[in-house]
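# Just a sequence and a predicted model for now, questions to come.
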Amino acid sequence: MPHESAQFNAIVALTQRELIRFLRQRTRVVGAVGQPIIFWILFGAGLRSSFTAPSWAASLPHTVSYQEYFLPGIAALIVLFTAIFSTISIIEDRREGFLQGVLVAPVSRLSIVLSKLAAGTFLSILQAGLFLLIGPLISASGLGSPIEVTWSVTRMLLATGFLVLIAAELTALGFIIAWPMNSTQGFHAVMSIFLMPMWLVSGAFFPGGDSGWLYWLIRANPLTYGVAGLRRLLYDTTLPVTPELPSMLACVSVTLIATVTLTMLSACLVSRRSVHNAA
């Protein structure tokens, strides 16, 4: 029991450290939230006339604009950026010597992983949830087309729970990428050639329902199911299953499996002895 208490205290302490670091670096909010909102407004205005709504949109009682279609994708992008900024601190902690001190402390390596996941997930859902609440208001202010999202307590709880899964998934993925690296430049390079394309082919930016090889790439992308599940929770969980919109069961199952798998891989990576992890 005392051992379990020590592990829990370690997770809490490391998580608090990440949250305090975030509060002291407020420019991270600008990068994680400001840029996606600018993308949402500009792309929404620029692609409004050329956007063709996917087939599932015909089941809704209103016409889906591009800005409305793009809303869940921007929420996923905010989660992605927040996960990146929360896990890139691993590289900074190693360079400053803090990570080596944590590795020799009498706490399990899993505590390190869980603390990063807890902090990254909390910050992600805080920022993405705030955007989902104010996004329709921003659009209604004249910066875009009206967005039909009717919030209820049940819908808010379900959307928050699903955002937790997406945030944990992307934070664990960022952890796996950041752990073996020694430079933040290398991390940003991976972001440019891997993480951003992963978001682009998730159905967040364009439907891609009947696009040949790209369709299969979209279906193989686990983030596709996160964006689709969030879209269902925002608009209507009973929307028909189409090539662009998997079922809610598939969305939850794939996102949950990906989250658990990436978390386990993160724990294995931390436990493995290497030149980066000699403790």
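Great, that's in hand.
# contacts, neighbours, all on C-alpha from now
Will do.
# so the residue nearest the centre of the chain is in which element?
Residue closest to the mean C-alpha point of the chain, counted by Cα atoms, centre = their mean, is Val79 at 3.3 Å. Here Val79, judged by DSSP states H and E, is contained in helix 66-87.
# and the next element down the chain from that helix?
helix 89-96.
# average pLDDT for that next one?
Helix 89-96 carries an average pLDDT of 78.
# ok, now stretch 195-203?
87.
# now swap in stretch 229-239 and tell me
Per-residue scores along stretch 229-239 average to 84.
# which of the residues in that stretch are buried?
229-235, 239 (16 or more other Cα atoms under 10 Å).
# C-terminal to the host helix or strand of His188, what's the next element?
For His188, the host element (DSSP H and E) is helix 184-190. Once helix 184-190 ends, the next helix or strand along the chain (criterion: DSSP H and E) is helix 196-199.
# now what about that next one, what contacts it?
76-77, 221, 223 (Cα atoms under 8 Å, 6 or more residues apart in numbering).
# what helices or strands is whichever helix or strand comes after that helix leaning on?
Per DSSP H and E, the first helix or strand lying C-terminal to helix 196-199 is helix 213-220. Packing partners of helix 213-220 (3 or more Cα pairs under 8 Å, 6 or more residues apart in numbering; DSSP states H and E): none among the helices and strands.
# Mind exporting the C-alpha coordinates of helix 213-220 to PDB?
This file holds the C-alpha atoms of helix 213-220, laid out as PDB (Å, rounded to 0.1, in the frame of the first residue of the first chain):
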ATOM      1  CA  TRP A 213      -5.700   4.700 -52.600                       C
ATOM      2  CA  LEU A 214      -6.200   7.700 -50.400                       C
ATOM      3  CA  TYR A 215      -9.500   6.200 -49.100                       C
ATOM      4  CA  TRP A 216      -7.600   3.200 -47.800                       C
ATOM      5  CA  LEU A 217      -5.000   5.400 -46.200                       C
ATOM      6  CA  ILE A 218      -7.700   7.400 -44.500                       C
ATOM      7  CA  ARG A 219      -9.400   4.200 -43.200                       C
ATOM      8  CA  ALA A 220      -6.000   2.800 -41.900                       C
END
